[in-house]
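In: Curious how this folds, go ahead:
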Amino acid sequence: MKEERKKIAILGCGWLGLPLAKSLHSKGYEVKGSTTSESKLDVLKNAGILPFQIQLEEHQIIGTIEDFLKETNVLAIDIPPGLRREFSTSLEMTFVNKVKTLIPFIEKSGIQKVVFVSSTSVYGDGFPIVEITEETQPNPDTESGKQLVIAETLLQSNSYFKTTVIRFGGLLGDDRHPVKFLAGRMNVENPNAPVNMIQREDCIGIIEEILKQVQHDNWEWNQTFNAVAPQHPTRKAYYHKKAEILNLPLPTFAEDSESKGKIISSKKVETILGYSFQKEI
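Out: Predicted coordinates:
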């Protein structure tokens, strides 16, 4: 008997979502991908991905979201909150409201498995620096982290579908490295805080490993995973080394105060999923 083709819809084909879509397509998945940009539709189509232009807003969704979701085994949500400010005195729940608007459409679609791309920003920095696991209670100190925690809860508490949450650390790739932002800066805080980073190839590998578990009925889908590379050098050592490699001006660090931070453990990814990290940071 011929195996039914695996079908996935990726909401948000950006820096991570598009390479993920291409990788899954190469492995035999039927992939739908969404973008907010009309000019990117051909990029998706030329990569073998069925393209949809969808704009998720607080109180409506612009685009054919029903067609995007129908006849799909798994929905992957990879839309960053885009909230850079610190805690606001207002009660603006922009990202949370977008997720609330999306959920009824997931319920109606019949999709039973959701992958939600979250962030280790749900854990605030602390002193003394301790190891963080999935059992650690989130305590976000940014607006985006706060809204991600609420969105995670909304999705994982829904009775119509099961959601696996992946909390990625700082995202790295050939075209993306935070040292470019820090190069030459003065008095950068927390020099002795450990870094928690992950390469894009490993993000894709971890998501693909989770998708394999769809085939196993005895595997608990509704889980949360922290996902960062196992190397945790200090910020000062790491960014000085990377600046030297890229021939960039070294940042200087504020050494006159104790460093706040956290060490994110990815042991659950390695033990429960059996995933081995492929790339160092």
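In: can we go C-alpha only for contacts and neighbour counts from here?
Out: Noted.
In: Identify the residue nearest residue 238 in space, chain neighbours excluded?
Out: Excluding its sequence neighbours, the residue lying closest to residue 238 (C-alpha to C-alpha, 6 or more residues apart in numbering) is residue 195, at 7.8 Å.
In: Could I get the contacting residues of that neighbour?
Out: 232-235, 238, 263 (C-alpha atoms under 8 Å, 6 or more residues apart in numbering).
In: Of these, which qualify as buried by neighbour count?
Out: For those, a burial check counting by 16 or more other C-alpha atoms under 10 Å picks out 232, 234-235, 238, 263.
In: so which pair among the residues you listed is furthest apart in space?
Out: Longest distance between any two of the buried ones among the contacts of residue 195 is 14.5 Å, between 238 and 263; criterion C-alpha to C-alpha.
In: Once you drop chain neighbours, what's closest to residue 197?
Out: residue 170 (4.4 Å).
In: how about that neighbour, what does it touch?
Out: Contacts of residue 170 by C-alpha under 8 Å, 6+ apart are 196-198, 228.
In: How confident was the prediction at it?
Out: We have a pLDDT of 95 for residue 170.
In: could you measure it against residue 253, distance?
Out: In this view, residue 170 and residue 253 are 19 Å apart by C-alpha to C-alpha, to the nearest Å.
In: secondary structure class for the residue nearest in space to the middle of the chain?
Out: Centroid-nearest residue in the chain, with C-alpha atoms, centre = their mean: residue 117, separated by 3.4 Å. Using DSSP: H, G, I helix; E, B strand; the rest coil, the structure places residue 117 in strand.
In: Please apply the same query to residue 165.
Out: Once three-state DSSP is applied, residue 165 turns out strand.
In: got the contact list for it?
Out: When contacts are counted by C-alpha under 8 Å, 6+ apart, residue 165 is found next to 115-118, 152, 222-225.
In: between the residues you listed, which is nearest residue 188?
Out: residue 118 (25.8 Å).
In: Would you agree the closest one is in contact with residue 167?
Out: Yes: applying C-alpha atoms under 8 Å as the test, residue 118 and residue 167 come out as touching, 4.5 Å apart.
In: Run a quick neighbour tally on residue 67.
Out: 12 (other C-alpha atoms under 10 Å).
In: what separates it from residue 162, distance-wise?
Out: Remark: distance between residue 67 and residue 162 (C-alpha to C-alpha) = 21 Å.
In: The buried ones among the contacts of residue 195 in strands, which ones?
Out: When DSSP state E defines the strands, the subset of the buried ones among the contacts of residue 195 inside them is residue 263.
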